[in-house]
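**Q** Need the 3D shape of this:
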Amino acid sequence: MEFWPQDIQSQGKAQIKKNRKGKSKIPPSGIDYLEPGRIEAVTLVENKSHFQWTSPFHLSGGQRLSAGSPVEVFKPTRPPKLDIPSTSMVQRVEQGANFLRTHFPDIDIAAELVRQELSADAQVTRALEQYDPFSGNTLELLHIPDAHSTPIFLVFPMGETGCDLNISPFASLEQRLIFEPSVKPVKSFATPILQLVSSQSISLGTFLAARTFGSTAILRVCATSDDPHLKISESATVLRDDLGHRIPVDIKFHSRQSDVLFVNNEGAVYKCNLENSFKRLAFTGIKNPDSGDQFWQLALAGASEDGCLLTSSKIVQELDFRTSDLALNLLNITTDEQLTFIEDSREDYLIQLATTERVLWLDRRFPGKALFGIKHRRNYDRTLAVHTLELHDYRHSLVTSRKNKLVTVYDVSRSADHLLHMGDMPYSFSFDVPETQSSGDAFVNSGDNFTMFRISERGRISCIQLAQRDSPNITDGVRTLPVRPDFQENRRETGLLEAREFSETNLRPAYERIFPRIGDINAQEEANAEAVYDLLGDLPSFWQRLDTPIEQVLTTYDILFRAGEEPKHPSRADFLSQSIFNSARGYRILSQGHLPIEDLEKGASWHLNIAPILGHFDNSTVGDVRTVTERLRSFALAPNSNIPVQALRRQEKDQEQLALDLALSKDIFSPVPFSPASQLPEGDDKEVSGFPVHFHYLQPTPRRNYYLKEGEEDVAFPFGVQSLLNDWAFGSDPEKYVFKDPYGVSAELKTENRPQRGRRGERLPSEATPPPPSSLPQPTQLPPLIAAFSTTQPALLPPHVLGVESQMMQPEEVESQGLMTSTQVLPGPFGGRPAAAAKKKSAPKKRMGGF
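**A** Take a look at the predicted model:
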């Protein structure tokens, strides 16, 4: 048994529904794959005399690959890319038209023709930046058995344009391989090198294929044990005319025969014999379902010399050169995913594939379906590649990308039950080098470990050591808790696996509504153009057209939102709802000074500009809308040629909209005027009634009882609340604020009574010795503020305290212990502490709803 069981019931039901709707009759190519949180397949396998259950996961805790620190072994030889400022299509058309009028004044070329050519060029450039089908691996290992010191060489391009070929050897020192880079190229080409491929074991010698923009050169590399220098000769040159006037996209050497295979961008396979340089068509190719896709790749079909493997972005085929135009379809993908890499087939007939969504394992003996698949959860990337490393009977599959530094390791191998199992959970490491994008990888086996080499687009070569280590074991801190009986009773019954069904929901409309495309946004703004100008004309008469009174303050954005039409999708708050003024026209209206802010100020009862307050917290909000927009450009993405034009346009538009929102939030208007503050009472009236509380804009409303018919009294506030609310006057300058003692004690001390200075050793009258504790009456409550008065006689009673005068006049018992620190516990129920006074019953407090 080779395949894992799968549930085809749900696929059949989904297929019936699709056929009823008349959409598609092609069976889905989805296969079983591993994914965290997904129900996996299990099956019974025979183990000696009995059967046992097995699953795709065999977490045996084997060996893991451990990555060391990256080391730079070759400096970059190419300059960094030029930072070309992004310009709009209109500007490029104007520049092109001006160039043609300047240099070719006699030729009349329409601007629309220039626009079409520039649009087509921009589209091709964006497609090549996302994926270039003509760019291959430019870092290759060359094995020369008769070399002087070591049979391993590293081949890579160098130079400012990448046209020079460099072959640097490895030296063996104490059973270790040491890279000895050379700065002199062995050969130069007229155009940059796009791909380097070497032969493994050919009786005629060692060959190297260098594919450039212009042609492909087949080089023979020879060496002797006495001479350390390599002898390089050109065996053949393959042009586009030899490949059906098409551009080659991949090259592959046969393992034993002296033939080299080519595939062009139409899928036609050609063979070139190295002995006589004879070139012939071996396979005419298959029709790629995606006619605009030029991805084609070759791979070896094990030890077979009569064929090879050919893959496009959707189909994997095994070719047999003994039959003309016949091929065996191994895999056909009908979903949206695309194949990105195919590895050579091994002796166990396994083929490893990489797609934009999964990593697949395919058996050539069982075409039509993959044996195993793992979803890698990466972003859409057509440069993904997979490399298999065998070290100490362990097989590690490394998934790499040319667009980032992440390397993911999958430990998948075939076990004794002839099924593929995953020996460990996927893990990853980062190839930390200065450049993010690369153009090739190579792996050198040094016995106990591997060395991974990577070349960047600028020609920098770095390496990292990959060694095996034991997987971390589960510690004692992780244990299984006992299952409680009530948990089992309350556990939901899910039913049988075969009876379950799943439902899929397409969230694409929700995402498009939250994050619309820049083209849809521009189209919507064009449709609302007249409404924006109508809103601008109705804005000065906003206050006169109010149907219902407004009880809160409004910002400029709130006024614009209320002056327009009701939104189709209202939000919970006005500031979360989009207005038609949030557009490019609204930004231009505000930046050009056409928004009638002065008319809104005249019609409002109160207006305040909080721009200075916002500037105190963030200086980037100070200034007009254009100045704020320029400051926001510092938060833009770093200039990079890989950023799509749509993303740059969306970024610029978001900067303008953020500056527009900040500008519309700086002015605050109120349709209700603020009443002036009343005068504070003076003298005894203040002590009796306390500070009156005067509310300006928000008025407190007591919570009324529905069944209580008689009206309630006004809201009464305690003295502390009155003092707190009256301490700050609305509209006053915080820099000129002066604290005033609410009890009037500090003022009296400063104006009337001043401490008298006496001689040294002579006490002031205010510091006279107090009478014995037995003659002092004990107060029941301490005043909030105790101040010393300069009097001629010690005070027997504390000064009057506002709000508690009636309690202070009650007769109290004389205690034997005064108000002083005492460390001795006296007899009695209170230990010498003053007894608490009896509480006076008061009317029940009424609940207030706020103020």
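
**Q** any weak-confidence spans in the stretch 651-800 of the chain?
**A** Where the stretch 651-800 of the chain drops to pLDDT under 70, the residues are 675-699, 701-715, 717, 719, 722-731, 740-800.

**Q** let's go with 80 and repeat that
**A** Along the stretch 651-800 of the chain, segments meeting pLDDT under 80 span 673-800.

**Q** Domain map for this structure?
**A** 135-238, 240-381, 508-670, 690-724 (automatic domain parsing).

**Q** now these in TSV, with distance to Arg64 and mean neighbour count?
**A** Using the backbone N, CA and C atoms, a C-beta is placed for each residue, glycine as well. Below are the domains of the chain laid out as TSV (distance: least, CB to CB, whole Å; neighbours: other CB atoms under 10 Å):
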stretch	distance to Arg64	mean neighbour count
domain 135-238	22	17
domain 240-381	17	18
domain 508-670	32	15
domain 690-724	65	12
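
**Q** TSV please, covering the ones you listed and showing distance to Lys48.
**A** Putting the domains of the chain into TSV (distance: least, CB to CB, whole Å) gives the following:
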stretch	distance to Lys48
domain 135-238	41
domain 240-381	24
domain 508-670	52
domain 690-724	81
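
**Q** So Asp520 belongs to a strand, correct?
**A** No. Secondary structure of Asp520 (DSSP: H, G, I helix; E, B strand; the rest coil): helix, not part of a strand.

**Q** how far away is it from Asp417?
**A** Note on Asp520: its distance to Asp417, by CB to CB, to the nearest Å, is 53 Å.

**Q** try Ala120
**A** From Ala120 to Asp417 the distance is 56 Å (CB to CB).

**Q** do Val263 as well
**A** Relative to Asp417, and taking CB to CB, Val263 is found at 37 Å.

**Q** what does Gln465 give?
**A** From Gln465 to Asp417 the distance is 35 Å (CB to CB).

**Q** Next: Ser233.
**A** 52 Å.

**Q** Check Trp361 too.
**A** For Trp361, the distance to Asp417 (CB to CB) stands at 15 Å.

**Q** what's the answer for Trp606, then?
**A** 82 Å.

**Q** What values do phi and psi take at Ala611?
**A** Dihedral angles of Ala611 (phi, psi; degrees, to the nearest 10) stand at phi -60, psi -40.

**Q** who's in contact with the spatially closest residue to it that is not a sequence neighbour?
**A** Once flanking residues are discounted, Ala611 sits nearest to Lys666: 4.4 Å by CB to CB, 6 or more residues apart in numbering. Lys666 sits next to Thr555, Thr556, Asn609, Ile610, Ala611, Leu614 when contact means CB atoms under 8 Å, 6 or more residues apart in numbering.

**Q** Now, these that are in strands?
**A** Of the positions in the contacts of Lys666, Thr555, Asn609 sit in strands, assigned by DSSP state E.

**Q** Output the contacts of Lys666 in a markdown table; the columns should cover pLDDT and distance to Asp250.
**A** Putting those into a markdown table (pLDDT from 0 to 100; distance: CB to CB, whole Å) gives the following:
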| residue | pLDDT | distance to Asp250 |
| --- | --- | --- |
| Thr555 | 90 | 62 |
| Thr556 | 89 | 61 |
| Asn609 | 90 | 67 |
| Ile610 | 90 | 64 |
| Ala611 | 89 | 62 |
| Leu614 | 86 | 59 |
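
**Q** How far does stretch 314-334 stretch from one end to the other?
**A** The straight-line separation of the ends of stretch 314-334 (CA to CA, to the nearest Å) is 7 Å.

**Q** got it, and stretch 158-171?
**A** By CA to CA, the extent of stretch 158-171 from end to end equals 21 Å.

**Q** Give me the contact list for that stretch.
**A** Stretch 158-171 is contacted by residues 74, 77-79, 138, 142, 147, 149-150, 152-157, 177-182, 184-193, 210, 212, 221, 230, 232, 444, 459 when judged by CB under 8 Å, 6+ apart.

**Q** any low-confidence regions in the stretch 101-250 of the chain?
**A** Using pLDDT under 80, the flagged stretches of the stretch 101-250 of the chain are 146-150, 172-176, 200-205, 224-229.

**Q** Grab the nearest non-local neighbour of Phe431.
**A** Lys405 (4.6 Å).

**Q** count of residues packed around the one you found?
**A** 17 (other CB atoms under 10 Å).

**Q** residue contacts, it?
**A** Ser430, Phe431, Asp432, Val433, Thr436.

**Q** Any of those buried? List them.
**A** The neighbour-count test (16 or more other CB atoms under 10 Å) marks Phe431, Val433 as buried among the contacts of Lys405.

**Q** Which of the contacts of Lys405 fall within helices?
**A** Of the contacts of Lys405, none are assigned to helices by DSSP state H.

**Q** which residue sits closest to Asp152 in space, ignoring its chain neighbours?
**A** Actually, residue 152 is Ile. It isn't Asp. Once flanking residues are discounted, Ile152 sits nearest to Phe170: 4.6 Å by CB to CB, 6+ apart.

**Q** The one you found and Ile461, how far apart?
**A** Taken as CB to CB, the span from Phe170 to Ile461 is 13 Å.

**Q** Touching both of the two, which residues are there?
**A** Counting by CB under 8 Å, 6+ apart, the residues touching both Phe170 and Ile461 are Leu154.

**Q** which SSE is the residue nearest to Ile152 in?
**A** According to DSSP states H and E, Phe170 maps onto strand 164-173.

**Q** That strand pairs with which strands, and in what direction?
**A** Strand pairing for strand 164-173, using DSSP bridges, gives strand 152-158 (antiparallel), strand 176-179 (antiparallel), strand 187-188 (antiparallel).

**Q** Could you say which one of the ones you listed comes nearest to Ala110?
**A** When the strands paired with strand 164-173 are compared by CB to CB, strand 152-158 sits nearest Ala110, at 42.3 Å.

**Q** rewinding a little: of Ala120 and Asp417, which one has the most company?
**A** Neighbour count, other CB under 10 Å: between Ala120 and Asp417, Asp417 has more, with 16 against 10.

**Q** Packing partners of the helix or strand hosting Asp661?
**A** Per DSSP H and E, Asp661 falls inside helix 645-664. Counting contacts by 3 or more CB pairs under 8 Å, 6 or more residues apart in numbering; DSSP states H and E, helix 645-664 is packed against helix 518-527, helix 556-563, helix 584-591, helix 625-632.

**Q** need those in TSV with distance to Asp733, can you?
**A** Formatted as TSV, the helices and strands packed on helix 645-664 follow (distance: least, CB to CB, whole Å):
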stretch	distance to Asp733
helix 518-527	44
helix 556-563	25
helix 584-591	30
helix 625-632	27
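
**Q** can you tell me which of the contacts of Lys405 are in strands?
**A** Per DSSP E, the contacts of Lys405 map to strands at Ser430.

**Q** Quick check: of the contacts of Lys405, which lies closest to Arg377?
**A** Ser430 (16.1 Å).

**Q** Setting aside sequence neighbours, what's the nearest residue to that closest one?
**A** Once flanking residues are discounted, Ser430 sits nearest to Lys405: 4.9 Å by CB to CB, 6+ apart.

**Q** how near is the one you found to Asp470?
**A** 26 Å.

**Q** Ok, Asn137 next?
**A** From Asn137 over to Asp470 (counting by CB to CB), the distance is 33 Å.

**Q** Also Arg585?
**A** On the measure of CB to CB, Arg585 and Asp470 end up 65 Å apart.

**Q** same check, this time on Ile144
**A** With CB to CB as the criterion, Ile144 and Asp470 are 37 Å apart.

**Q** who are the neighbours in contact with the residue nearest to Arg585 when sequence neighbours are not counted?
**A** Distances taken as CB to CB, 6+ apart put Val532 closest to Arg585, at 5.0 Å, once the chain neighbours are dropped. Counting by CB under 8 Å, 6+ apart, Val532 touches Ile580, Phe581, Ser583, Arg585, Gly586, Ile589.

**Q** Which one of those is nearest to Gln317?
**A** Closest to Gln317, out of all of the contacts of Val532 and judged by CB to CB, is Ser583, at 52.4 Å.
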